[in-house]
Structures are given as C-alpha cells and as structure tokens.
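**Q** have a look at this prediction, sequence included:
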Amino acid sequence: MTKTAKIDITTTGPVFQPGDTGYDAEIAGFQTAYTHRPSVVVGAVHTEDVRAAVEYAARHGLSIAVQATGHGLSVATDGGVLISTRRMTDIRIDAERRIARVGAGVQAGALIEAAAAHGLAPLNGSSLSVGVVGYTLGGGIGILAREFGYAAEYVRGIEIVTADGRVRRLTPGDELFGAVLGTGGNFGVVTALELELLPITEVYGGQLQFDTPLVAPALEAWRLWTQDLPEQMTSAITMLTIPNIPQVPEHLRGRYTATINIAFTGTAEEGERLVAPLRAIGDRMADDLRVMPYTETHGIYRDPDHPHPYTATNALLAELPADATDAFLEATGPESSLPVVAGFRHLGGALRRPGPNGIAMDHRDAEYVARVIAMPGADADAIRDGLAGIRKALQPWEIGHNLNFLYGGGDVADEEQTRGGYSSATYERLAGLKAKYDPANLFRNNRNIRPR
C-alpha cells in the first residue's frame with residue numbers, strides 16, 4: 001500500500017499533488033487544449049482506490065473529476081480531486097453470453113481485439129483510443145448506430161462508486177441505472193461496465209473523398225441519398241481544408257475536400273448498389289470501399305491517433321434541407337474566418353426508438369447531427385465566437401445538442417448548456433436523483449446536473 005505523507009488517503013495506486021514527479025504525466029490526456037489542474041490526483045488501479053479517493057474528496061468537500069484517456073475533456077477542473085482510471089484495463093469476455101466486462105481504463109481498440117477473438121464486436125465509435133466507459137456513459141453514437149442504436153442501450157451492468165463511498169452494482173430496473181447512462185459520470189465513478197457484444201465479424205465500408213470542385217455537389221448528393229436508406233447503412237460526411245503541414249503529402253496540402261464515411265452490415269453486392277449514387281458524383285481522390293474485418297473499421301473515419309488541441313460544438317437537426325447545408329457550407333467553408341473540420345452524421349434508424357431502462361438520451365427525433373471541430377491556431381475568444389456563429393447559422397433547424405460532442409470552452413456552471421442535451425422532464429428527473437445520490441454535487445463535468 002502507498003500512503004502519501006501530505007494527505008490522508010491510502011491507495012494501492014500512486015497519489016500525486018502539484019509539483020510531484022509524475023503529476024504532469026498523470027494529468028496529460030489526448031486533449032491538449034484543456035488540462036485538469038487538480039489539487040490531488042489518484043492513479044486508481046482498482047475499485048477500492050476509487051472508493052478511497054471519493055471518500056477523501058467528500059470528507060474535504062472537494063469536487064471530483066475522472067479521466068481515463070482524456071479524449072472527451074470538455075471542462076477542465078482546477079483544484080479538487082482527479083481520479084485517473086487508465087490503469088484499470090481488465091477485460092473479461094463471456095463468449096457464450098456475449099458479454100464483456102471492461103474496467104474504467106479500457107480503450108476501444110483493446111475491446112475490439114478481445115471481442116474479435118470470439119467472433120464478436122462491441123458498439124464502438126470511430127477511434128481506437130477512446131475510453132470505452134466514457135464513450136458509453138455519454139450515450140455512444142457508434143459506426144453502426146443507425147442499425148443498433150446507442151451503445152448505452154447495450155449495457156447490462158454497472159459498477160459505480162457513489163458520493164457516499166459505496167460500491168454499487170446497478171442493473172436494468174434500478175433507478176440509477178438509466179440516469180448514469182447518458183450523463184457522463186454525473187452520479188459517481190463508474191469502475192466497470194458489462195456490455196452486450198454482437199456477432200459481427202466484418203463490415204462493408206470505407207471512404208469516398210472528393211476534391212474542392214465537388215465538395216458542394218458531394219454534400220448535396222449525400223443529403224438526398226440519406227433520405228431513403230436501410231438502417232444497416234450508417235454514414236457521415238466531413239469537409240475540411242487539409243492542413244499545410246509536413247505530415248501531409250505536398251500535393252494534398254491546402255486542398256478543401258469532402259469525405260463520405262460508409263459502414264454497412266449487409267452484403268458487399270448490396271453495399272455496392274447502395275453507394276452507386278455517391279460514386280456518380282464524379283472523380284474521387286480516394287475510394288477504398290470494401291469488405292473489411294471488424295478489427296479494421298477504424299479506417300472508416302481515420303481519427304487522429306496523437307494527442308492534440310481541439311474545441312468543438314454540434315447541433316442536432318430534425319431535418320436537413322438544402323437551405324441548412326448551404327448555410328453550413330457558408331459558415332464553415334474555406335472562406336470562414338475560423339479553420340474547422342465540419343460535417344454531418346446521419347442519425348435516425350434505431351437511434352429514433354424509445355430508449356430502454358430510462359436511459360438519459362433525448363432528442364431522438366434528430367435525423368442528423370452537425371459537428372464542428374475548431375483547428376488550433378486561433379485564440380480562445382475567436383474560437384468561441386466562431387463556433388457560436390456556426391450554431392447560429394443552423395438555429396432554424398436545431399432541436400438541441402449532443403453533450404458528448406461538446407469539447408472545450410464549456411463552463412462547468414453552464415446549466416443552460418446541460419439542459420440543451422435533454423428534455424425538460426428528463427432533466428428534472430436527473431436533478432432529483434442528483435439531490436438524492438450526490439447532494440453536495442461532488443461529481444461535475446460539462447453536463448453539470450444540479451441537485452434539486
């Protein structure tokens with residue numbers, strides 16, 4: 001056991017304070033624009049370490065933040081206690097029951113590989129390095145979301161340490177079960193999840209990429225194409241100006257492109273038939289659609305795998321008329337004052353169905369989500385104003401936003417932002433549960449559900 005001489009907490013894992021060797025490395029994450037600066041960091045290796053950290057924070061009236069991979073950091077915590085769960089990487093697969101039990105530090109890539117060994121797959125997102133628990137607690141819109149719905153809907157058990165220091169096991173039907181799923185850690189520290197896996201071994205998918213003259217035609221073709229698709233087809237489109245940096249081939253630098261991302265669980269023949277209208281847009285800079293092993297599906301989006309700064313916003317849309325895409329292109333295109341990666345994901349399908357077990361995922365009538373990620377370079381005020389301007393351009397069609405796609409620039413005290421992610425009835429239910437299970441509001445993040 002390790003006991004720090006500076007604070008009254010006993011853990012198996014390391015404990016850091018500002019100035020300690022290892023403190024900066026422990027708080028570092030994938031997101032580099034915003035960094036937690038806690039008074040105490042607990043590097044948890046098991047549930048008992050988490051429980052000890054929560055008890056310490058409660059005893060001293062300190063707020064609690066949790067970080068596994070640091071991908072989804074939206075609100076940096078100054079002071080308080082940071083519980084780092086990256087060491088909690090246990091994965092257990094029950095192939096017969098198709099259930100995976102994952103620790104709080106497990107990354108998506110590790111779970112994909114472990115499940116694939118049994119001919120199974122999780123409902124993961126686009127990046128291999130995202131933490132499974134954080135992604136799922138936020139709802140989890142994955143690469144096959146239109147067919148299977150939110151990843152949170154496939155949770156079968158939750159191990160959580162609540163503000164009173166109790167280790168609880170939650171199952172469907174418990175009043176906290178649905179509240180924990182969709183609120184991103186607002187009710188305690190989730191130390192493990194049990195997830196249902198699916199018998200999927202391969203997917204038809206990849207990318208179609210178009211050069212500058214075809215960006216607007218590609219967006220319009222994709223918009224029309226998505227209006228009549230089977231649920232087995234999940235797709236997105238992303239527009240950006242490729243950075244002029246050495247890591248990019250010289251002939252691509254500075255070009256404004258559109259990339260359509262495809263994931264389909266039907267046959268290759270049916271996939272080819274369905275994407276024919278997209279290939280008819282014109283010449284493609286890249287076209288790698290194929291049947292791929294599920295373990296290679298990260299290539300559908302090719303998210304950056306190196307830590308970097310980013311700030312992002314999003315808008316959920318009940319429809320996507322041409323006026324909306326025109327306004328979006330004008331606000332985010334190469335003439336925009338703020339360099340951004342911008343695009344739409346097609347929702348609907350299974351995401352539209354009522355969620356089971358009181359899971360806190362609302363705005364299910366959204367058919368699309370518009371996402372904008374600001375590139376580094378501009379100052380904080382310019383980024384904030386630029387993203388606000390893009391949201392304003394979409395305001396006529398917006399019905400809310402997805403809290404899991406808000407990165408940086410958020411205010412932990414911004415209750416209005418939190419309310420935008422839920423219906424009023426859901427928010428009031430969550431606030432009542434917050435008052436019951438965390439009345440001192442120890443657990444805070446960009447969702448900031450306040451006790452009632």
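**A** Received, thanks. Residues are numbered from 1 along each chain as shown.

**Q** hey, where'd the helices end up in this protein?
**A** 23-27, 47-60, 108-116, 132-137, 145-148, 175-180, 215-225, 268-279, 322-332, 380-394, 415-419, 424-437 (DSSP state H).

**Q** between those, which gets the lowest average pLDDT?
**A** Lowest mean pLDDT within the helices of the chain: helix 415-419, a mean of 84.

**Q** now do the buried residues in that helix.
**A** 417-419 (16 or more other CB atoms under 10 Å). Heads up, the C-betas are built off the backbone N, CA and C, glycines and all.

**Q** shaky segments in this structure?
**A** Residue ranges of the chain with pLDDT under 70: 1-6, 73-76, 409-413, 446-447.

**Q** output stretch 386-405 as CSV, nothing but the C-alphas.
**A** Taking C-alpha atoms only, stretch 386-405 is exported to CSV below (Å, rounded to 0.1, in the frame of the first residue of the first chain):
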residue,chain,number,x,y,z
GLY,A,386,-16.7,31.4,-34.5
LEU,A,387,-18.4,28.2,-33.1
ALA,A,388,-21.3,30.3,-31.8
GLY,A,389,-21.7,31.8,-35.3
ILE,A,390,-21.9,28.4,-36.9
ARG,A,391,-24.5,27.3,-34.4
LYS,A,392,-26.5,30.4,-35.1
ALA,A,393,-26.4,29.6,-38.8
LEU,A,394,-28.1,26.3,-38.0
GLN,A,395,-30.5,27.6,-35.4
PRO,A,396,-33.7,27.5,-37.7
TRP,A,397,-33.3,23.7,-37.8
GLU,A,398,-31.7,22.9,-34.4
ILE,A,399,-33.6,20.9,-31.8
GLY,A,400,-30.8,20.6,-29.2
HIS,A,401,-27.2,19.2,-29.0
ASN,A,402,-25.4,16.1,-28.0
LEU,A,403,-23.4,16.6,-24.8
ASN,A,404,-20.8,14.0,-25.8
PHE,A,405,-19.8,16.1,-28.8
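
**Q** what comes up buried for it?
**A** 386-387, 390-391, 393-394, 397-398, 400-405.

**Q** I'd like to know which of the buried residues of helix 415-419 is nearest to Val15.
**A** Ranked by distance to Val15 (CB to CB), the buried residues of helix 415-419 are led by Thr418 at 30.9 Å.

**Q** burial of Thr89, as a residue count?
**A** Using other CB atoms under 10 Å, the number of residues around Thr89 comes to 15.

**Q** as a check, name the ranges of all strands in the stretch 101-250 of the chain.
**A** 155-161, 167-170, 189-196, 202-210, 233-241 (DSSP state E, counting those that start in this stretch).

**Q** those into CSV, with extra columns for mean neighbour count?
**A** Formatted as CSV, the strands of the stretch 101-250 of the chain follow (neighbours: other CB atoms under 10 Å):
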stretch, mean neighbour count
strand 155-161, 22
strand 167-170, 16
strand 189-196, 23
strand 202-210, 22
strand 233-241, 23
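
**Q** relative to Arg302, which of those strands is closest?
**A** strand 202-210 (7.5 Å).

**Q** so which of the helices of the chain is the most surrounded?
**A** helix 132-137 (a mean of 29; mean count of other CB atoms under 10 Å).

**Q** so what secondary structure elements neighbour that helix?
**A** strand 99-103, helix 108-116, strand 189-196 (3 or more CB pairs under 8 Å, 6 or more residues apart in numbering; DSSP states H and E).

**Q** relative to Pro304, which of these is closest?
**A** helix 108-116 (14.1 Å).

**Q** compute the inter-axis angle for that closest one and strand 189-196.
**A** 30 degrees (axes from the mean of the first three to the mean of the last three CA atoms, to 10 degrees).

**Q** CA atoms of helix 108-116 as PDB?
**A** Extracted as PDB, the C-alpha positions of helix 108-116 are listed here (Å, rounded to 0.1, in the frame of the first residue of the first chain):
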ATOM      1  CA  ALA A 108     -11.900   0.800 -27.600                       C
ATOM      2  CA  GLY A 109      -9.200  -0.800 -29.600                       C
ATOM      3  CA  ALA A 110      -8.400  -3.300 -26.800                       C
ATOM      4  CA  LEU A 111     -12.000  -4.300 -26.500                       C
ATOM      5  CA  ILE A 112     -12.500  -4.700 -30.300                       C
ATOM      6  CA  GLU A 113      -9.500  -7.100 -30.400                       C
ATOM      7  CA  ALA A 114     -10.600  -9.100 -27.400                       C
ATOM      8  CA  ALA A 115     -14.100  -9.500 -28.700                       C
ATOM      9  CA  ALA A 116     -13.000 -10.300 -32.300                       C
END
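
**Q** now do it against strand 99-103, angle only.
**A** Using the same axes, to 10 degrees: helix 108-116 against strand 99-103 is 150 degrees.

**Q** what does helix 108-116 rub up against?
**A** For helix 108-116, contacts defined as CB atoms under 8 Å, 6 or more residues apart in numbering pick out 89, 91, 93, 100, 102, 121-122, 124-125, 127-132, 135, 197, 201, 293-295, 297-298.

**Q** and the helices and strands packed on helix 132-137 as TSV, adding distance to Arg223?
**A** TSV is the format used below for these (distance: least, CB to CB, whole Å):
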stretch	distance to Arg223
strand 99-103	36
helix 108-116	29
strand 189-196	33
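
**Q** so which of the ones you listed gets nearest Tyr56?
**A** strand 189-196 (12.4 Å).

**Q** from the buried residues of helix 415-419, pick the one nearest Gly139.
**A** The closest of the buried residues of helix 415-419, once distances to Gly139 are taken by CB to CB, is Thr418, at 14.0 Å.

**Q** so the closest one touches Tyr427, yeah?
**A** Yes - at 7.3 Å, Thr418 and Tyr427 qualify as touching, with contact defined as CB atoms under 8 Å.
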